[in-house]
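Engineer: Sequence first, then the predicted structure, then my questions.
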Amino acid sequence: MDMKKEKDILENGKLKEAPFKVPEGYFENLAVHVEARRKAEERGLMHRLTPYLAIAASFAAITLAGTAVIRLTAPKAEVEATTSSSYYSQNTAGQGMTEDDIINYLIYAGISADELNEITAE
């Protein structure tokens, strides 16, 4: 019985007809419509650069956030300003100042070797 139904379905002429129809003039105007749609979707310079700009902004944000975290969590270094009086009080401790002490202070203060030679030659 199943075989007979299958033969009836295959012999039905209505099933062999196309159920959908193409509108009149569709293929004549198809190229024009496709070209117009392609031009409308064509990407400009800004659309092409947008992903790269987003990546650059992400890297900048990560860098700034990392720098902020490092600065906020790093221990504060106590920098002691060295003046001539603090250097003298640390190194002499009640003794008289010798010529070596003066030379060491000048070296510590950043005097160049040429300037130091000029000073010691006098």
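Structural biologist: Cool, got the structure.
Engineer: domains of this structure?
Structural biologist: With domains defined by automatic domain parsing, the chain comprises 19-73, 84-121.
Engineer: Which among these is found nearest to residue 9?
Structural biologist: domain 19-73 (15.1 Å; Cβ to Cβ). In this view, the C-beta of every residue, glycine as well, is placed from N, C-alpha and C.
Engineer: to the chain's geometric centre, what's the distance from the closest one?
Structural biologist: Centroid separation for domain 19-73 versus its chain: 20 Å, with Cα atoms, centre = their mean, to the nearest Å.
Engineer: now the end-to-end length of it.
Structural biologist: With Cα to Cα, to the nearest Å as the measure, the ends of domain 19-73 fall 72 Å from one another.
Engineer: ok, back up a step: any chance of the domains of the chain in CSV, plus mean pLDDT, distance to residue 9 and mean neighbour count?
Structural biologist: Listed next are these as CSV, based on pLDDT from 0 to 100; distance: least, Cβ to Cβ, whole Å; neighbours: other Cβ atoms under 10 Å:
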stretch, mean pLDDT, distance to residue 9, mean neighbour count
domain 19-73, 86, 15, 9
domain 84-121, 71, 103, 11
